[in-house]
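Engineer: Pasted the sequence and its predicted model underneath.
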Amino acid sequence: MDNVRKLRVAIVGAGASGIMAAKKLRDVGVTDVVLFEKADDLGGTWRDNTYPGLACDVPSHLYRYSFAPNPDWSQRYASGAEIQAYLKGVATRHGIDRLIQYSSEVIEAVYRDGQWRIRTTRGDQGAFDVAITATGVLHHPVYPDIEGLKEFQGPAFHTARWDHSVGLQGKRVGIIGTGSTAAQILPAIIHEVEKVSLFQRTAQWVMPQPNAPISEERKARYRADPKSMDQKYQELAQVFNGTFCAALAGENAEVYESMAKACRGNLDSVADPVLRARLTPDYKMGCKRLIISDRFYPAIQQPNAELVTTKISHVEAGGVRTTDERLHELDCIVLATGFDPHRLFRPMMVTGRNGKVLSEVWADGNLAYRAIAVPNFPNFFMLGGPHSPIGNFSFLMTVERQLAYVLQLVSLLQSGSAREISPGSAATEAYNHALREKVAGSIWASGCRSWYMDKNGNVASYPWSFEKFERDMQAPLLEDFELA
Ligand code: N01
């Protein structure tokens with residue numbers, strides 16, 4: 001193996017995908033790896049989000065690394081804390097934690113003399129042969145542009161910056177937003193607070209799914225017979241990706257209809273016809289990301305819950321004023337207003353060949369070749385890049401497929417077959433042309449506003465089935481790349 005080129009690799013982000021990248025790079029002999037992490041702990045979204053009721057809405061046995069199956073998941077949908085502990089366990093077991101440089105946010109990556117020069121908030125970090133971004137998707141909180149928010153006299157915080165010093169017991173809490181996050185928080189706090197006012201701008205489709213505990217017998221079976229756990233993974237992958245996500249991608253009308261029926265049945269559990277009508281969405285199921293919950297409707301029907309659908313006028317010292325002049329008096333405001341997934345790793349400044357700046361290349365929208373790479377940015381690879389399968393997929397499954405693909409490109413650098421790899425402009429344009437055509441007729445472009453859409457109206461979803469994604473990620477088409 002003497003003729004294998006020793007590569008130095010920078011990974012941006014020590015969340016779920018960064019940990020995976022470091023582990024798998026080491027598996028293929030790339031040991032000179034540094035993970036740059038802006039925070040003082042690993043875990044990404046699972047570190048940032050600690051709000052009450054936080055759970056992953058992808059089944060636990062699907063939301064795991066293939067190399068670290070976990071027989072001990074306690075519930076069908078694991079809690080945030082359990083996933084964070086899982087990630088830490090994996091990072092420690094595989095010695096990845098030692099590779100992380102904490103409190104070191106990458107500000108700049110510049111391609112010069114065939115290497116990426118990395119600068120973080122701690123200064124110049126030297127040159128790397130390969131840069132891999134692993135910064136996740138939903139991590140830039142969106143703060144609503146509501147007048148007077150600063151005038152509010154009580155605590156007000158975003159769900160991803162939960163202030164645990166604020167006790168909610170007996171308090172009047174306002175939740176602004178009704179996405180997946182709010183749908184988890186409401187049932188988790190409703191029984192301890194005096195009142196929750198839930199400010200809904202757009203009604204949601206809600207798919208009922210119980211979060212059943214996984215019995216000790218089953219865990220013992222998984223431990224004794226890991227193959228049975230793998231079988232569970234395969235079953236879930238088939239149900240989730242093969243049917244559920246395929247239906248959303250427009251590839252299974254029958255399943256789509258049965259999902260919509262399940263959501264409508266769930267909505268029918270709302271006894272008051274007026275409340276039910278206000279909770280009824282006026283767009284197609286799946287246009288916004290589907291909410292998975294069997295606890296949201298029971299919670300909003302509690303006597304101390306109020307659904308507010310009148311538009312917010314402004315916030316003032318005592319609470320939220322709606323346009324009907326009513327003041328909703330509050331002690332605390334929770335901003336469940338989501339994230340900006342389109343910023344990806346920005347504000348990090350990436351400068352490629354001939355001084356090309358990535359944020360300028362992406363001025364009209366983020367475009368990449370198969371979500372992985374961008375022309376003129378050699379040896380720069382993205383996990384969870386533009387148009388990755390996100391939405392209701394298992395992000396870990398998505399990223400693991402992308403990483404396997406990236407490692408095949410990295411192996412060309414290791415073997416000396418190339419010193420520079422980047423996708424060709426024509427191949428990138430052809431890919432994005434096909435993608436734009438498909439996405440235009442997709443459910444996500446069917447007439448709603450969602451975080452899938454950027455400010456220019458580009459839909460950032462992956463418009464095909466997961467099966468196609470897996471096929472495409474099996475091996476790079478080298479004719480689409482420029483190798484130098
Ligand atoms: O954010 P969202 P989220 N005035 O963007 C409203 C993932 N996730 O944090 O629909 C009033 O879905 C906005 O209203 P509207 C998951 O992928 C995963 O809930 O735009 N309201 C909407 O109701 C999810 O999809 C898990 O009209 C305003 C809400 O805020 C993604 O994160 C758990 C407003 C934002 O909903 C984001 O979910 C939770 C304003 N100015 C989340 N601005 C797990 O599985 C925004 N809204 C771990």
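Structural biologist: Done, it's in.

Engineer: Look up how far the ligand lies from the residue lying closest to residue 339 once chain neighbours are set aside.
Structural biologist: Nearest non-adjacent residue to residue 339, counting by CB to CB, 6 or more residues apart in numbering: residue 138, 4.1 Å away. Yep, even glycine has a C-beta here, placed from its N, CA and C like the rest. Taking CB to the nearest ligand atom, to the nearest Å as the measure, residue 138 falls 5 Å from the ligand.

Engineer: now residue 314
Structural biologist: When CB to the nearest ligand atom is the yardstick, residue 314 and the ligand sit 11 Å from each other.

Engineer: Whichever strand or helix holds that residue: which residues count as buried?
Structural biologist: Take DSSP states H and E as the rule and residue 314 turns out to sit in strand 312-316. Residues of strand 312-316 classed as buried: 312-313, 315 (neighbour count, 16 or more other CB atoms under 10 Å).

Engineer: between the residues you listed, which is closest to the ligand?
Structural biologist: In terms of CB to the nearest ligand atom, no member of these lies closer to the ligand than residue 312, at 5.7 Å.

Engineer: contacting residues for that closest one?
Structural biologist: 146, 176, 199, 320-323 (CB atoms under 8 Å, 6 or more residues apart in numbering).

Engineer: Near the ligand, which residues of the protein are found?
Structural biologist: 56-57, 138, 144-146, 176-182, 184, 199, 201-202, 289, 312, 336-339, 449, 451 (CB under 6 Å from any ligand atom).

Engineer: related to what we said a few turns ago, identify, from the buried residues of strand 312-316, the entry nearest to residue 393.
Structural biologist: When the buried residues of strand 312-316 are compared for distance to residue 393 (CB to CB), residue 312 wins out at 32.3 Å.

Engineer: So, low pLDDT: which residues of the stretch 1-150 of the chain?
Structural biologist: For the stretch 1-150 of the chain, applying pLDDT under 70 flags the ranges 1-2.

Engineer: just the helices in it please.
Structural biologist: 16-27, 45-48, 80-93 (DSSP state H, counting those that start in this stretch).

Engineer: coming back round to it: mind listing which of the residues of the chain next to the ligand are in helices?
Structural biologist: Taking DSSP state H, the ones among the residues of the chain next to the ligand that sit in helices are 180-182, 184.

Engineer: And the residues you listed, which is closest to residue 472?
Structural biologist: Distance to residue 472, by CB to CB, is smallest for residue 180 among these, at 27.5 Å.

Engineer: Quick one: residues contacting that closest one.
Structural biologist: 57, 289, 291-292.

Engineer: I'd like to know which of the residues you listed are buried.
Structural biologist: Buried by 16+ other CB under 10 Å: 57, 289, 291-292, out of those.

Engineer: so can I have a markdown table of those residues showing distance to residue 21?
Structural biologist: Converted to a markdown table, the buried ones among the contacts of residue 180 look like this (distance: CB to CB, whole Å):
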| residue | distance to residue 21 |
| --- | --- |
| 57 | 24 |
| 289 | 25 |
| 291 | 30 |
| 292 | 28 |
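
Engineer: Format the CA atom coordinates belonging to the helix or strand harbouring residue 197 as CSV.
Structural biologist: For residue 197, the enclosing helix or strand under DSSP H and E is strand 195-199. The C-alpha coordinates for strand 195-199 follow below in CSV (Å, rounded to 0.1, in the frame of the first residue of the first chain):
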residue,chain,number,x,y,z
LYS,A,195,-52.6,27.7,28.9
VAL,A,196,-51.1,27.3,25.4
SER,A,197,-52.1,29.6,22.6
LEU,A,198,-51.0,28.0,19.4
PHE,A,199,-50.6,30.5,16.5
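
Engineer: thinking again about what came up before, need the phi and psi values for the residue nearest to residue 339.
Structural biologist: Main-chain torsions, residue 138, degrees, to the nearest 10: phi -100, psi 80.

Engineer: who's in contact with it?
Structural biologist: Residue 138 neighbours (CB under 8 Å, 6+ apart): 45, 338-339, 341, 451.

Engineer: Return the closest of these with respect to the ligand.
Structural biologist: Distances from the ligand to the contacts of residue 138, taken by CB to the nearest ligand atom, are shortest for residue 338, at 2.5 Å.

Engineer: The closest one and residue 185, how far apart?
Structural biologist: As defined by CB to CB, to the nearest Å, residue 338 lies at a distance of 13 Å from residue 185.

Engineer: Of those two, which one has the most company?
Structural biologist: Neighbour totals were compared for residue 338 and residue 185, and residue 185 leads with 25 against 22 (other CB atoms under 10 Å).

Engineer: What residues does that one make contact with?
Structural biologist: By CB under 8 Å, 6+ apart, the neighbours of residue 185 are 51-53, 159, 175, 334, 336.

Engineer: Let's see if you can find the most crowded of the residues you listed.
Structural biologist: That'd be residue 334 among the contacts of residue 185, by other CB under 10 Å, with 30 neighbours.

Engineer: Quick check: what element follows the strand holding residue 314 along the chain?
Structural biologist: Past strand 312-316, the next helix or strand by DSSP H and E is strand 319-322.

Engineer: other SSEs contacting that following strand?
Structural biologist: Packing partners of strand 319-322 (3 or more CB pairs under 8 Å, 6 or more residues apart in numbering; DSSP states H and E): strand 172-176, strand 312-316, strand 327-329.

Engineer: For the helices of the stretch 1-150 of the chain, state which one has the densest average packing.
Structural biologist: Mean neighbours per residue, mean count of other CB atoms under 10 Å, is largest over the helices of the stretch 1-150 of the chain for helix 16-27, with a mean of 24.

Engineer: ok and it relative to helix 80-93, angle-wise?
Structural biologist: On the basis of axes from the mean of the first three to the mean of the last three CA atoms, to 10 degrees, helix 16-27 is oriented at 20 degrees to helix 80-93.

Engineer: What helices and strands are in contact with helix 16-27?
Structural biologist: Using 3+ CB pairs under 8 Å, 6+ apart, the elements in contact with helix 16-27 are strand 8-12, strand 32-36, helix 80-93, helix 395-415.

Engineer: Relative to residue 223, which of those is closest?
Structural biologist: Of all the helices and strands packed on helix 16-27, helix 80-93 comes closest under CB to CB, at 15.1 Å.

Engineer: before we move on, back to that, make a ChimeraX selection of the buried ones in the contacts of residue 312.
Structural biologist: A single ChimeraX command selects the buried members of these (16+ other CB under 10 Å):
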select :146,176,199,320,321,322
